[in-house]
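**Student:** build me a model:
(one chain, ligands or ions: 3)
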Amino acid sequence: MYTALPAIDIPPTPWTGRHDGDGDEHRRWWQAVAPHSRGNVGTGSRPAVVVGFRSDEGVLRNKGRVGAAAAPTAIRNALGPLAFHLDRDVFDAGDVAVDDGSLEAGQDRAGSVVSELLDARNLTVLLGGGHETAFASYLGVAGSEAVRSGKRLGVLNLDAHFDLRDEPVPSSGTPFLQMARAEAAAGRELNYAVVGISEPNNTRTLFDTADRLGVKYLPDEDCSAEAVHEFVARFLEGVDVVYLTIDLDVLPASVAPGVSAPAAYGVPLPIISAVCKQVAASGKLLHVDVAELNPEFDIDSRTAKVAARLVNTLLA
Ligand SMILES: N=CN[C@@H](CCC(=O)O)C(=O)O
Ligand SMILES: [Mn+2]
Ligand SMILES: [Mn+2]
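**Tutor:** Ligands and ions are numbered 1, 2, ... in the order given. Predicted structure coming up:
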């Protein structure tokens with residue numbers, strides 16, 4: 001019998017895609033993904049559980065282009081037809097929805113879903129949502145047994161932006177400053193690294209905040225394959241578990257047009273994909289989210305397909 005997690009607002013619905021046959025040799029994501037039910041443990045490798053965070057309240061508050069609330073559905077639709085070559089079970093736990101502007105309550109609900117799934121041995125995949133999704137992810141990760149028991153957490157953000165804004169209300173521009181404050185309140189220091197920072201899209205204040213917090217970052221123009229590999233390797237050395245957050249605006253606008261703030265320069269997709277493989281291969285990946293897809297501005301689902309491809313790579 002299906003039992004949803006208590007904080008889920010919208011239960012999972014069946015996935016769709018091309019049908020070539022019912023045998024394993026024809027299997028696509030839509031045929032492989034099953035609804036998550038409390039007590040699902042999967043077989044073999046650590047199962048992955050997908051959760052949607054339908055929110056664009058953070059983007060609205062950050063004066064961006066709204067529409068990211070529709071992204072979880074768009075990413076599932078892009079994943080569904082992909083051939084399934086994974087060696088793990090994948091479940092869909094449904095969505096948390098931010099209604100009536102109640103972002104903070106939605107982040108709390110999504111956080112509790114992620115914590116429960118992590119404590120049940122799953123690899124969690126939170127599909128945003130604007131980048132306010134990151135604070136929901138953080139609540140989930142920080143509330144997990146792994147982090148509470150002292151594992152050293154690293155937050156790796158693939159993003160053109162620091163998202164360290166100091167604002168009176170939380171938004172898509174504030175999640176990593178919120179994390180820094182929450183970590184300080186817990187007697188820890190946020191270990192935060194960003195790949196793909198666009199210098200002209202982050203003010204002096206943001207660079208000063210990053211420096212004050214000891215944030216490690218690699219500018220977009222310095223993102224050669226070697227430099228990124230070295231940067232990520234160093235970061236991985238100093239942590240036990242990783243929360244990886246992919247803001248799709250780290251990619252060039254031609255690759256990811258469907259975001260609130262498309263990147264003029266951007267980090268090439270092969271390099272972002274290589275980071276995903278490197279993090280997955282480290283065995284330290286605890287949780288991942290994908291943020292900022294705005295299907296309203298997408299072209300031929302290009303950005304949704306890139307998001308789906310990166311999720312597929314991370315779980316492989
Ligand atoms: N999550 C969004 N972050 C960016 C948006 C920048 C923009 O809208 O131009 C930020 O706040 O810096
Ligand atoms: Mn961001
Ligand atoms: Mn960004």
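**Student:** grab the nearest non-local neighbour of residue 20.
**Tutor:** The shortest distance from residue 20 to any non-neighbouring residue, by C-beta to C-beta, 6 or more residues apart in numbering, is to residue 26 (4.1 Å). Every C-beta, even on glycine, is put in place using the N, C-alpha and C of the backbone.
**Student:** list the buried ones in the lengthiest helix in the chain?
**Tutor:** Once the chain is assigned using DSSP state H, the helix that runs over the most residues is helix 103-119. For helix 103-119, burial by neighbour count (16 or more other C-beta atoms under 10 Å) applies to 103, 106-118.
**Student:** and the residues you listed as CSV, adding distance to ligand 3?
**Tutor:** Listed next are those as CSV, based on distance: C-beta to the ion, whole Å:
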residue, distance to ligand 3
103, 17
106, 20
107, 18
108, 23
109, 24
110, 19
111, 21
112, 26
113, 24
114, 21
115, 25
116, 28
117, 26
118, 25
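**Student:** what's the most distant pair in those residues?
**Tutor:** When the buried residues of helix 103-119 are compared pair by pair using C-beta to C-beta, the two farthest from each other are 103 and 118, 21.9 Å apart.
**Student:** my read is residue 157 is in a helix, agree?
**Tutor:** No - when classified by DSSP: H, G, I helix; E, B strand; the rest coil, residue 157 is found to be strand rather than part of a helix.
**Student:** hang on, it packs against residue 194?
**Tutor:** Yes - applying C-beta atoms under 8 Å as the test, residue 157 and residue 194 come out as touching, 4.6 Å apart.
**Student:** do a quick rundown of the strands in the stretch 201-316 of the chain.
**Tutor:** With DSSP state E, counting those that start in this stretch applied, the stretch 201-316 of the chain shows strands at 216-219, 241-247, 285-291, listed in chain order.
**Student:** could these go into a markdown table alongside distance to ligand 1 and mean neighbour count?
**Tutor:** Written out in a markdown table, the entries for the strands of the stretch 201-316 of the chain read as follows (distance: least, C-beta to the nearest ligand atom, whole Å; neighbours: other C-beta atoms under 10 Å):
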| stretch | distance to ligand 1 | mean neighbour count |
| --- | --- | --- |
| strand 216-219 | 14 | 18 |
| strand 241-247 | 6 | 26 |
| strand 285-291 | 8 | 27 |
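**Student:** which strands and helices lie in contact with the longest helix of the chain?
**Tutor:** strand 48-54, helix 57-61, strand 90-97, strand 123-127, helix 133-142, helix 145-148, strand 285-291 (3 or more C-beta pairs under 8 Å, 6 or more residues apart in numbering; DSSP states H and E).
**Student:** residues in contact with the third one?
**Tutor:** Meaning strand 90-97. The contact list for strand 90-97 (C-beta atoms under 8 Å, 6 or more residues apart in numbering) reads 4-5, 7-12, 15, 29, 32-37, 40, 42, 47-55, 69, 72, 76, 106, 109-110, 113, 117, 122, 136, 315.
**Student:** list buried residues within those.
**Tutor:** Among the contacts of strand 90-97, those classed as buried by neighbour count (16+ other C-beta under 10 Å) are 4-5, 7-9, 12, 15, 29, 32-36, 40, 42, 47-55, 69, 72, 76, 106, 109-110, 113, 117, 122, 136, 315.
**Student:** any idea how far residue 84 is from the nearest residue to residue 128 once chain neighbours are set aside?
**Tutor:** Nearest residue to residue 128, sequence neighbours excluded (C-beta to C-beta, 6+ apart): residue 291, at 3.7 Å. Distance of residue 291 to residue 84, computed by C-beta to C-beta, to the nearest Å: 24 Å.
**Student:** repeat for residue 187
**Tutor:** If you go by C-beta to C-beta, the gap between residue 187 and residue 84 works out to 43 Å.
**Student:** which of those two has more neighbours?
**Tutor:** In this view residue 187 and residue 84 are compared by other C-beta atoms under 10 Å, and residue 84 has more residues nearby, 18 against 6.
**Student:** any part of stretch 272-285 near ligand 3?
**Tutor:** No - applying C-beta under 5 Å from the ion, one finds stretch 272-285 out of contact with ligand 3, separated by at least 12.8 Å.
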